[in-house]
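Student: okay, predicted coordinates and the sequence, questions at the end:
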Amino acid sequence: MDDKGWTDTRTPMTPCPLCGYRLDAALGKGQATTSPGDLSVCIGCASPLVFNDDLTLRLLRSEEFDNLALPEKNELRRYMAAARRLDRRGRR
């Protein structure tokens, strides 16, 4: 895969802590794989999430968001906005 593509990483099935949407995979830019501490977004409710050591997910705390560098905050906001635009009818 080239650097402009995406890598799909299977993760343990984790319900979103906020909406319960079942999450079991993550996409990373290029050949990046998902690691503990990485940020994510629920595609069910657009909540900001973070990967635990076992690659399950938890909500990103407000103080963690506040401590992100501006480029990371902006990227996370873009992914949250994209998740809000998804048509989730017929999804799990």
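Tutor: Arrived safely, thanks for sending.
Student: just the strands in this structure please.
Tutor: 6-15, 22-29, 39-41, 48-51, 57-59 (DSSP state E).
Student: among those, which comes closest to residue 79?
Tutor: strand 39-41 (4.5 Å; Cβ to Cβ). Backbone N, C-alpha and C define where each C-beta goes, glycine included.
Student: could you name the helices and strands sitting against the closest one?
Tutor: For strand 39-41, the packing partners by 3 or more Cβ pairs under 8 Å, 6 or more residues apart in numbering; DSSP states H and E come out as strand 48-51, helix 70-85.
Student: is it possible to get TSV of those that adds distance to residue 57, mean pLDDT and mean neighbour count?
Tutor: Converted to TSV, these look like this (distance: least, Cβ to Cβ, whole Å; pLDDT from 0 to 100; neighbours: other Cβ atoms under 10 Å):
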stretch	distance to residue 57	mean pLDDT	mean neighbour count
strand 48-51	4	96	20
helix 70-85	14	94	12
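Student: can I get these in TSV with distance to residue 61?
Tutor: Below are these laid out as TSV (distance: least, Cβ to Cβ, whole Å):
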stretch	distance to residue 61
strand 48-51	8
helix 70-85	13
